[in-house]
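**Student:** take a look and give me a structure for this.
(one chain, ligands or ions: 1)
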Amino acid sequence: MSLENEINRRRTFAIISHPDAGKTTLTEKLLYFGEVIRSTGTVKGKKSGKFAASDWMEIEKKRGISVTSSVMSFPYHDFHVNILDTPGHEDFSEDTYRTLTAVDSVVMIIDSTKGVEPQTIKLFKVCRLRGIPIFTFINKLDREGREPLELLAEIEEVLGIESYPMNWPIGMGKRFLGIYDRFNSQVVRFKGDEEEEIVPFDHIEQTDLVDHPVYNDTLGEIELLEEAGNEFTMERVQKGELTPVFFGSALANFGVQTFLDTFLQFAAPPKPRKTDQGLVAPEAETFSGYIFKIQANMNPAHRDRIAFLRVCSGKFERGMSVNVSRTNKTIKLNQTQAFMAKDRETVDEAYPGDIIGIYDPNIYQIGDTLIEGKGNFHFDELPQFPPELFKRVQAKNVMKSKQFRKGIEQLVQEGAIQLFKQDLTDSFILGAVGQLQFEVFEYRMKAEYNVDIEFVSLGERIPRWIKNEKFDKRFFDSRSMLVRDRYDQYAVLFENEFTYRYFLENQKDIELVDLLEENDYQAQ
Ligand code: GDP
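**Tutor:** From the prediction side, this is the model:
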């Protein structure tokens with residue numbers, strides 16, 4: 001198959017959602033359709049504590065020490081699907097955000113009983129900035145949820161994206177009859193037990209739906225959508241301005257396959273990416289890619305690290321020599337880690353859109369660009385994401401302060417965690433997106449630098465960077481703490497929304513910026 005065909009059939013995406021919306025359940029169904037697993041069951045078995053018999057279980061159980069399930073690949077019809085896991089729950093970290101720079105589209109799951117939840121908003125914001133297609137799956141229709149129209153209004157208001165329902169639920173919970181599939185001109189009836197029955201629109205007359213009150217209510221809502229709803233245009237979907245919305249139930253495996261088929265059809269294949277020397281097209285002959293995540297093995301018996309590389313152009317072949325742009329050193333890529341896939345153990349070749357795991361003997365950094373041969377350019381820097389949790393940190397033993405500083409410096413440079421110094425006192429403050437990052441930091445300081453550290457939590461804070469060159473330092477205190485980041489830029493850590501607002505109202509001369517919104521890192 002030609003390089004161009006390989007690129008066009010790639011669909012690399014992530015699923016974003018708030019914990020418990022059904023990401024694991026939906027992922028499992030997608031893996032089932034991709035024939036990666038043989039049967040579906042309760043993947044996490046949260047309640048029963050039991051795992052169903054699927055190949056994924058073993059991998060999931062080892063979560064935290066295994067990287068295999070971070071990327072799931074499988075062929076499906078004419079497509080080659082790559083699903084990137086975005087760690088949530090207690091694993092939420094900058095990696096979660098960075099992973100979103102490596103995908104070409106996203107699926108957003110909304111729990112129909114809850115609507116748009118906080119973690120979804122955070123993840124959505126990152127996707128929005130990149131201008132990639134966003135598809136919405138409204139889940140748990142088998143339960144009494146909120147009114148569909150109300151959910152759509154919430155998506156538009158809270159997230160600021162227009163929506164286009166591709167299908168519409170006919171009732172919900174106990175009265176759930178199925179979905180009215182506008183896009184494929186059919187009704188898909190819910191039969192429970194993972195069963196569906198398809199009734200084309202022109203056959204409805206012959207079924208009991210005709211005079212079913214729930215169905216007639218649905219027709220009324222559809223009429224409303226046709227009149228007042230948004231118009232579907234492919235262009236706006238591709239730019240991430242309009243999100244196609246699908247209703248279904250991941251648990252009941254209802255509406256999932258239709259969703260998958262339609263989503264793959266409209267989701268974007270890999271696009272050109274920005275570098276310091278202009279755009280690099282995926283079809284370019286030379287292989288190139290960048291590292292968006294480095295996972296240290298938490299198991300002391302395996303001190304190796306795996307770097308996750310997103311292929312951006314050309315064809316990757318194992319054994320290839322590449323140049324690492326930052327260091328200008330040539331490296332032969334022999335050891336490539338397999339991710340979860342149907343029929344591969346090691347990665348011998350890969351195409352744009354694919355993710356490969358490369359063995360890292362401590363030579364890579366997050367954001368590194370790798371190019372076949374002697375090429376040298378950099379993909380646009382990965383954005384820094386504003387940390388949300390802060391802790392003061394010091395070595396337990398002052399005699400170890402030299403190793404402590406060395407360890408901090410290296411781990412911070414790697415992008416594992418963000419470092420601040422409190423103004424005047426110069427005490428170290430670490431900032432991270434999630435709790436796990438502190439734990440990894442603590443572990444690595446001990447394992448790699450032999451330093452025991454102590455944390456004092458400053459809790460959740462709102463960081464804002466100061467734009468002014470000069471400003472009066474008298475207005476800061478422990479609730480609005482003045483700090484410098486590792487580039488010596490001044491920032492303020494606000495204790496809460498209230499202190500932040502108060503400051504804004506009273507210190508109009510100080511100009512503050514939210515890092516995330518300042519970043520412009522669109523894929524093209
Ligand atoms: P995650 O935290 O987003 O990965 O969510 P899970 O996939 O683990 O699902 C959270 C809970 O919701 C589990 O108990 C699932 O069985 C349940 N769940 C997921 N999808 C559905 C659905 O379509 N209907 C119902 N009733 N429950 C669901």
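**Student:** who's in contact with stretch 408-427?
**Tutor:** Residues from elsewhere that reach stretch 408-427 (CB atoms under 8 Å, 6 or more residues apart in numbering): 94, 294, 365-367, 382, 384, 387, 390, 392-394, 428-432, 437-438, 440-441, 444-445, 473, 476, 481-486, 490-491, 493. For every residue, glycine as well, the C-beta is placed using N, CA and C.
**Student:** which of those come close to the ligand?
**Tutor:** Here nothing survives when the contacts of stretch 408-427 are matched to the ligand using CB under 6 Å from any ligand atom.
**Student:** now, which of those lie within strands?
**Tutor:** 294, 390, 392-394, 428-432, 481-485, 490-491, 493 (DSSP state E).
**Student:** are any of those residues buried, and which?
**Tutor:** Among these, those that count as buried by neighbour count (16 or more other CB atoms under 10 Å) are 294, 390, 392-393, 428-432, 481-485, 490-491, 493.
**Student:** roughly how far apart are the residue lying farthest from the centre of the chain and the ligand?
**Tutor:** What lies farthest from the middle of the chain is Q206; by CA atoms, centre = their mean that is 44.8 Å. Note on Q206: its distance to the ligand, by CB to the nearest ligand atom, to the nearest Å, is 29 Å.
**Student:** now do E162
**Tutor:** From E162 over to the ligand (counting by CB to the nearest ligand atom), the distance is 25 Å.
**Student:** again with K23
**Tutor:** Applying CB to the nearest ligand atom, the value for K23 to the ligand is 3 Å.
**Student:** that residue touches I109, doesn't it?
**Tutor:** Yes - contact status for K23 versus I109: in contact at 5.8 Å, counting by CB atoms under 8 Å.
**Student:** tell me, what's touching these two both at once?
**Tutor:** With CB under 8 Å, 6+ apart applied, the overlap between the contact sets of K23 and I109 consists of I15, S17.
**Student:** for the ligand, what's the nearest residue on the stretch 101-250 of the chain?
**Tutor:** The minimum distance from the stretch 101-250 of the chain to the ligand, using CB to the nearest ligand atom, falls at S249 (3.4 Å).
**Student:** let me see the contact set for that residue.
**Tutor:** Contacts were defined as CB under 8 Å, 6+ apart; by that measure S249 touches N139, K140, L141, D142, F190, G255.
**Student:** just V256 next, same as before
**Tutor:** With contacts defined as CB under 8 Å, 6+ apart, the neighbours of V256 are L26, K29, L30, F33, G248, A250.
**Student:** give the buried residues for stretch 255-266.
**Tutor:** Here stretch 255-266 shows G255, V256, Q257, T258, F259, L260, T262, F263, L264, F266 as buried, counting by 16+ other CB under 10 Å.
**Student:** including distance to G278 and secondary structure, could these go into JSON lines?
**Tutor:** Written out in JSON lines, the entries for the buried residues of stretch 255-266 read as follows (distance: CB to CB, whole Å; DSSP: H, G, I helix; E, B strand; the rest coil):
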{"residue": "G255", "distance to G278": "42", "secondary structure": "coil"}
{"residue": "V256", "distance to G278": "40", "secondary structure": "helix"}
{"residue": "Q257", "distance to G278": "41", "secondary structure": "helix"}
{"residue": "T258", "distance to G278": "40", "secondary structure": "helix"}
{"residue": "F259", "distance to G278": "37", "secondary structure": "helix"}
{"residue": "L260", "distance to G278": "35", "secondary structure": "helix"}
{"residue": "T262", "distance to G278": "34", "secondary structure": "helix"}
{"residue": "F263", "distance to G278": "31", "secondary structure": "helix"}
{"residue": "L264", "distance to G278": "30", "secondary structure": "helix"}
{"residue": "F266", "distance to G278": "28", "secondary structure": "helix"}
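**Student:** hang on, the earlier thing: of the contacts of V256, closest to R182?
**Tutor:** Nearest to R182 among the contacts of V256, counting by CB to CB, is G248 at 14.1 Å.
**Student:** and for the closest one, nearest residue in space, chain neighbours not counted?
**Tutor:** Sequence neighbours aside, G255 is the residue nearest to G248 in space, at 2.6 Å (criterion: CB to CB, 6 or more residues apart in numbering).
**Student:** distance of that neighbour from the ligand?
**Tutor:** Distance of G255 to the ligand, given as CB to the nearest ligand atom: 9 Å.
**Student:** for the stretch 401-524 of the chain, what lies in contact range of the ligand?
**Tutor:** Residues of the stretch 401-524 of the chain lying close to the ligand by CB under 6 Å from any ligand atom: none are found.
**Student:** same question for the chain.
**Tutor:** Proximity of the chain to the ligand is assessed by CB under 6 Å from any ligand atom, with 17, 19-25, 44, 46, 139-140, 142-143, 249-252 identified as the residues in range.
**Student:** repeat that for 8 Å
**Tutor:** Contact residues, the chain versus the ligand (CB under 8 Å from any ligand atom): 17-28, 42-44, 46-47, 88-89, 109, 111, 139-143, 248-252, 254.
**Student:** whichever of those end up buried, select them in ChimeraX.
**Tutor:** Typed into ChimeraX, the next command selects the buried ones out of those (criterion: 16+ other CB under 10 Å):
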select :17,18,21,22,23,24,25,26,27,28,42,43,44,88,109,111,139,140,141,142,248,249,250,251,252,254
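**Student:** among the residues of the chain next to the ligand, which lie within strands?
**Tutor:** Counted as lying in strands by DSSP E, out of the residues of the chain next to the ligand, are I109, D111, N139.
**Student:** mind telling me which residue of the stretch 251-400 of the chain is nearest the ligand?
**Tutor:** Shortest the stretch 251-400 of the chain-to-the ligand distance, computed as CB to the nearest ligand atom: residue-wise this is L251, at 3.3 Å.
**Student:** and the closest residue to P118 other than its chain neighbours, what does it touch?
**Tutor:** Nearest residue to P118 in three dimensions, chain neighbours excluded: H18, at 6.5 Å (CB to CB, 6+ apart). Neighbouring residues of H18 by CB under 8 Å, 6+ apart: G88, D111, K114, E117, P118, Q119, T120.
**Student:** make JSON lines from those residues and add distance to T233 to it.
**Tutor:** Compiled in JSON lines, the contacts of H18 are given as follows (distance: CB to CB, whole Å):
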{"residue": "G88", "distance to T233": "32"}
{"residue": "D111", "distance to T233": "28"}
{"residue": "K114", "distance to T233": "30"}
{"residue": "E117", "distance to T233": "28"}
{"residue": "P118", "distance to T233": "30"}
{"residue": "Q119", "distance to T233": "29"}
{"residue": "T120", "distance to T233": "24"}
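**Student:** need the max-distance pair from these.
**Tutor:** Considering CB to CB, no two members of those lie farther apart than G88 and K114, which are separated by 14.7 Å.
**Student:** contacts only, for the residue lying closest to D514 once chain neighbours are set aside.
**Tutor:** The shortest distance from D514 to any non-neighbouring residue, by CB to CB, 6+ apart, is to R464 (6.2 Å). When contacts are counted by CB under 8 Å, 6+ apart, R464 touches A491, V492, F494, Y500, L512, V513, D514.
**Student:** just checking, G240 touches V126?
**Tutor:** No - the pair formed by G240 and V126 falls short of the contact definition of CB under 8 Å, at 11.3 Å.
**Student:** mean confidence score for stretch 113-124?
**Tutor:** Per-residue pLDDT values across stretch 113-124 average out to 94.
**Student:** kindly report the same for stretch 207-226.
**Tutor:** For stretch 207-226, the per-residue pLDDT values average out at 93.
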